[in-house]
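Asker: I would like the atomic coordinates for the input below:
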Amino acid sequence: MKSKRTVPINAHQGFTLIELLVVITIIAILASLVMSQATKMMADARKLQVQTVIKDLRIAVTSYQVEYNRYPVNSSLLSSASSGADIPAIMTDENTGIVSALMSTSSSSGSSGGSSGSTNLNPKDIKFIDLPIAKNGKFGLVNAQPPYKLVDLWGTPYYVLLDTNGDKQVMNPDLSNSDPTISQNTISPPPKNLPTEVAVYSWGLDKMPTTKDDVVSWRSK
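Answerer: From the prediction side, this is the model:
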């Protein structure tokens, strides 16, 4: 009769050091993947917020132009353009008057011309856009009363390109973008001019002009 060998109860319990290290490594890899995806999703969501404001700005400026047959900026800026050229990109700060002109209402009309002081660029008191009040100086109107300043999620003003010479196009900032995949794209090269009368962009997270992370109205990425 064969005798049965008794197996100790604790012989197969617990993990070896190698097994623990393998498990810890797998958990760390999964955690890093989750964190990277979460970070990307948050960045995409923030970019979408800025793109929404950019879209609203374009619509508001276009609506203003239709209503007044002019652009919502101080006449001094319009007269500063070179002969036959559009004016340079203007900021959505308190000096250009553009935000105040688009936001003017009966309760806050009057001086909405920024640096010109007494110029009311929206005498009909039409509110062309709704904008939030900035929190900690970011994403919204920095000033509660005109002259207004509008900043993006990173505290930098937006930039607006206007077709002030009437050729139905504006210059394309992508031509000087520091990212060669944008400025030197051989498959889809950037055009010299954008076929639009109004273009808007933000400098993005790095707060630097013409870089890859710029949020613009004329392309989706």
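Asker: Beyond the longest helix anywhere in the chain, next helix or strand please.
Answerer: Longest helix in the chain by number of residues, with DSSP state H as the criterion: helix 17-68. Next along the chain after helix 17-68, taking DSSP states H and E as the criterion, comes helix 75-79.
Asker: pLDDT of whichever helix or strand comes after that following helix, averaged?
Answerer: From helix 75-79 onward toward the C-terminus, using DSSP H and E, the following helix or strand is strand 90-91. For strand 90-91, the mean per-residue pLDDT is 96.
Asker: Provide the contact partners of strand 90-91 at residue level.
Answerer: Strand 90-91 is touched from outside by 73, 77, 96, 98, 157-160, 162, with contacts defined as CB atoms under 8 Å, 6 or more residues apart in numbering. Heads up, the C-betas are built off the backbone N, CA and C, glycines and all.
Asker: what do you get if the cut-off is 10 Å, keeping everything else the same?
Answerer: Outside strand 90-91, the residues within contact range by CB atoms under 10 Å, 6 or more residues apart in numbering are 71-74, 77, 96-99, 149-151, 156-162.
Asker: out of the residues you listed, which are inside helices?
Answerer: 77, 98-99.
Asker: tell me which of these is nearest to Ala199?
Answerer: Ile98 (13.5 Å; CB to CB).
Asker: in this protein, what spans have low per-residue confidence?
Answerer: 1-14, 36, 38, 80, 105-118 (pLDDT under 70).
Asker: hang on, the earlier thing: ok, of the ones in helices among the contacts of strand 90-91, which come out buried?
Answerer: 77, 98-99 (16 or more other CB atoms under 10 Å).
Asker: Was I right to think Pro173 contacts Leu194?
Answerer: Yes - applying CB atoms under 10 Å, one finds Pro173 in contact with Leu194, separated by 8.8 Å.
Asker: Need the overlap of contacts for these two.
Answerer: 161, 216, 218.
Asker: In contact with the first one: list those residues for me.
Answerer: By CB under 10 Å, 6+ apart, Leu161 lies in contact with 86-90, 169-173, 194, 196-201, 216-218.
Asker: is it in a bridge, and if so with what?
Answerer: On the basis of DSSP bridges, Leu161 is bridged to Ala199.
Asker: For it, give its distance to Ala89.
Answerer: Using CB to CB, to the nearest Å, we find Leu161 at a distance of 5 Å from Ala89.
Asker: who touches both of the two?
Answerer: 170-171, 173, 199-201.
Asker: Make a PyMOL selection of the buried ones in the contacts of strand 90-91.
Answerer: Selection of the buried residues among the contacts of strand 90-91 in PyMOL, burial being defined by 16+ other CB under 10 Å:
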select buried, resi 71+72+73+74+77+96+97+98+99+149+150+151+156+157+158+159+160+161+162
